[in-house]
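Engineer: Got a predicted structure plus its sequence, pasted below:
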Amino acid sequence: MNNKVSTITKRILCVCMVVILLYGVCGCTAPSEERAEIDTEDSQENEIPQDSSSDIVEKDSDSRTENPEVNESIPDSAEEMVGEDDSYVLSEEEKKVLLAYAEYLRKFYEECPYETDGIKYDLVFIDSDNIPELAIIPSAAHAFGVIICVYNDGNVVETGEFGSFGKCRFNPYENLIFSTHMGQGEEESFFYRIEGTESVELLALHRTPQYEGLQYIGESYEVDGTAVSEEVYKQVCEEWDWEELNVWGYDDAIFVNYYDMYRELCKHFSFLKEQGRIEQDDSCLEEWKQAYLNYLEEDNYADACTYSLIYVDDDNIPEMVIDTGFEAGGCRFLTFHDHVLDVWQSARLNVTYIERGNLICNSDGNMGYYYDNIYTIQDGKWVYVDGGVWGDGPDGVQIGENGDYDYLEFFYWTGEEPWNRGEYWFGEEITEEEYEARLNAIYPMKQSMYPQKYYILDEIKSMLRTGDVASAKHRYELIVKDVTWKEAETLCHEKGGYLATITSHEEYERLQEQMISEHKEDITFFVGATNERVEGTPFGYRWLEPGIKYGYYMLDLSNALFRFWLEGEPSYTGFTESGVEVSEDYVVLFYRGKDGRCYLNDVPNDILEAAPSYAGRVGYICEYE
């Protein structure tokens, strides 16, 4: 199929084909059991009846789609769509792009010759820049694909129409579109990328059934117009792997609101920015935020760490703590002063600080030797202050008079960072009492604290960019219904959401507050976490966050994600009310009145099968972005 054929011409051709089909002129289709097993998901899962194209009829000059949001009056130009409310946080360039798209959508509606089931649109990000592409989908019928338009120097240019049934495939910012068309057993598939205002074909795949008379005898295959064997065809399909691209289409898009199109586009674009779905242009952020984000972008293992913002010195720029989650990796502390970022690496994980007292202390050790090393920020740099070492005597651990282990056999005040000498320098030997006195004189231990709130990578990025967590604008529905965890998961998907994932302390608090305000403290709610194993996943509970393959593992990111569990949980197994041991692979959120807070607990898929007394007190939480 030539991707450059105009939209209107394609519509006319498609309607003619539909008329022919309705008169019964059609060929034979190959038996499904004899076909090569390389059907696309679009053709397998998105197939709709052939008469769906009858939804396309010529449009009356005065007709309007039945979309209830459509205003009767359509403006003469996009400029008329601009209302007094200009409160969305957008740059002037972004406003120009959205105004041009609003004008294009208005004209598209006026010139579209067919009434469909409601024109839809969305702002999508296909190529690598942060200027959105405009996707228009007139219908979910077979004859319609996704029309992709780009903004170029004040103009909107249609690059082509991709896919069918109002769907195609792409991943944000990867600049790769997969388009497939099927009819009478024949399948054409294409890969494209956007270059400027054009779509460039990268690969063409063609599969055609072969017949002798009416007898199906097999299929022929072509790659870029060249006949190939079935084996080569399958190999090419595996190399390009269209299944790695996300399906996007009519069901994901938004009905056009003709009169308020510009305002609707501004609102939607602002929403996408708030949700972190747009790769952020950090140039408008405060310099320290840019510096922290740049550091995270350059860290290949950033998604395996947890993060906290604390105030060590007394300025208004917080320090960032990066906890690697394993002792050998330790922690990194970032501070920013006078346009310069400075990083300090701890020895192992145990670090405390005195808030706004400009002191941190790395107190850790192993194998009988321990240390307390104190640091401060001086002229924008981390500087060693003082410290000491202590540990077992030469004969190892001793048993005291009361039968207790006595680890503290020697104490040395080093007076400088020990490993700076190239050897482990012990310094001046002192008593335990002298050691404690010196340490507390410099670093009052009673005033020290650990970072109180940790975030996973996506959340700390959101905090730096927006001042709030990524889920700040999400909506939650607490539904009371006796269902299983798997039924709850399906029901949330059917509602357009997903079982709630709690990936920050702020999100946990919002859910707790909503549970209390709705007087549902006696309900046990399923949430979106499981220990159910799939191929390639390690043991442990994970939050099934949409868009994150396998989800977020609570054990790996325990500082941020493991703090909401009931004491002693997860247990991974439990007992039914009749005393039978069962596996517990799913998670609930419940409120414990005596503690005044919510907890996570693991349970079986079917709570009522294990504990019939919970009838009427089971529910689930759906999350909507």
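Structural biologist: Right, received. Where do you want to start?
Engineer: buried sites along stretch 370-385?
Structural biologist: Across stretch 370-385, burial judged by 16 or more other CB atoms under 10 Å covers Y370, Y371, D372, N373, I374, Y375, T376, I377, W382, Y384, V385. No exception for glycine: its C-beta is placed from N, CA and C like everyone else's.
Engineer: Partner strands of the longest strand that the chain contains, with direction?
Structural biologist: Taking DSSP state E as the criterion, the chain has its longest strand at strand 198-212. Here strand 198-212 has these sheet partners by DSSP bridges: strand 186-195 (antiparallel), strand 215-223 (antiparallel).
Engineer: can you redo these as JSON lines with mean pLDDT and mean neighbour count?
Structural biologist: As requested, these are exported to JSON lines (pLDDT from 0 to 100; neighbours: other CB atoms under 10 Å):
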{"stretch": "strand 186-195", "mean pLDDT": "93", "mean neighbour count": "19"}
{"stretch": "strand 215-223", "mean pLDDT": "88", "mean neighbour count": "15"}
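Engineer: Including distance to I607, could these go into JSON lines?
Structural biologist: Below are the strands paired with strand 198-212 laid out as JSON lines (distance: least, CB to CB, whole Å):
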{"stretch": "strand 186-195", "distance to I607": "45"}
{"stretch": "strand 215-223", "distance to I607": "50"}
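Engineer: out of the ones you listed, which comes closest to V340?
Structural biologist: Evaluated over those, closeness to V340 peaks at strand 186-195, with 39.3 Å, by CB to CB.
Engineer: Only alpha carbons, please: show stretch 177-194 as PDB.
Structural biologist: Output of stretch 177-194 as PDB, limited to C-alpha atoms (Å, rounded to 0.1, in the frame of the first residue of the first chain):
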ATOM      1  CA  ILE A 177       6.000   2.900  13.300                       C
ATOM      2  CA  PHE A 178       4.500  -0.500  12.400                       C
ATOM      3  CA  SER A 179       1.600  -0.600  10.000                       C
ATOM      4  CA  THR A 180      -0.300  -3.700   8.900                       C
ATOM      5  CA  HIS A 181      -3.200  -4.300   6.500                       C
ATOM      6  CA  MET A 182      -5.100  -7.500   5.900                       C
ATOM      7  CA  GLY A 183      -7.800  -8.500   3.400                       C
ATOM      8  CA  GLN A 184      -8.800 -11.800   1.900                       C
ATOM      9  CA  GLY A 185      -6.000 -13.600   3.600                       C
ATOM     10  CA  GLU A 186      -3.400 -11.300   2.100                       C
ATOM     11  CA  GLU A 187      -1.200  -9.300   4.600                       C
ATOM     12  CA  GLU A 188       1.000  -6.300   4.000                       C
ATOM     13  CA  SER A 189       3.100  -4.900   6.800                       C
ATOM     14  CA  PHE A 190       5.500  -1.900   6.900                       C
ATOM     15  CA  PHE A 191       8.000  -0.200   9.200                       C
ATOM     16  CA  TYR A 192       8.400   3.500   8.900                       C
ATOM     17  CA  ARG A 193      10.300   6.300  10.500                       C
ATOM     18  CA  ILE A 194       9.600  10.100  10.400                       C
END
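Engineer: returning to that earlier point: select, out of the strands paired with strand 198-212, the one closest to E459.
Structural biologist: Closest to E459 of the strands paired with strand 198-212 is strand 186-195 (CB to CB; 31.5 Å).
Engineer: on that earlier part again, for A611, find the nearest of the strands paired with strand 198-212.
Structural biologist: Closest of the strands paired with strand 198-212 to A611 is strand 186-195, at 50.7 Å (criterion: CB to CB).
Engineer: contacts for that closest one?
Structural biologist: The contact list for strand 186-195 (CB atoms under 8 Å, 6 or more residues apart in numbering) reads 1, 3, 39-40, 43, 126-127, 133, 148, 150, 159-160, 162, 175-182, 199-209, 240, 242.
Engineer: Taking those residues, please make a PyMOL selection of just the buried ones.
Structural biologist: Filtering these down to the buried ones (16+ other CB under 10 Å) takes a single PyMOL command:
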select buried, resi 1+3+39+40+126+127+133+148+150+159+160+162+175+176+177+178+179+180+181+182+199+203+204+205+206+207+209+240+242
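Engineer: Distance of the closest residue to L205 other than its chain neighbours relative to H339?
Structural biologist: With CB to CB, 6 or more residues apart in numbering as the criterion, L205 has its nearest non-adjacent residue at 4.3 Å, and that residue is S189. Remark: distance between S189 and H339 (CB to CB, to the nearest Å) = 51 Å.
Engineer: try S504
Structural biologist: In terms of CB to CB, S504 sits 30 Å off from H339.
Engineer: of the strands paired with strand 198-212, which approaches K167 most closely?
Structural biologist: Taking CB to CB, strand 186-195 is the member of the strands paired with strand 198-212 nearest to K167, at 13.1 Å.
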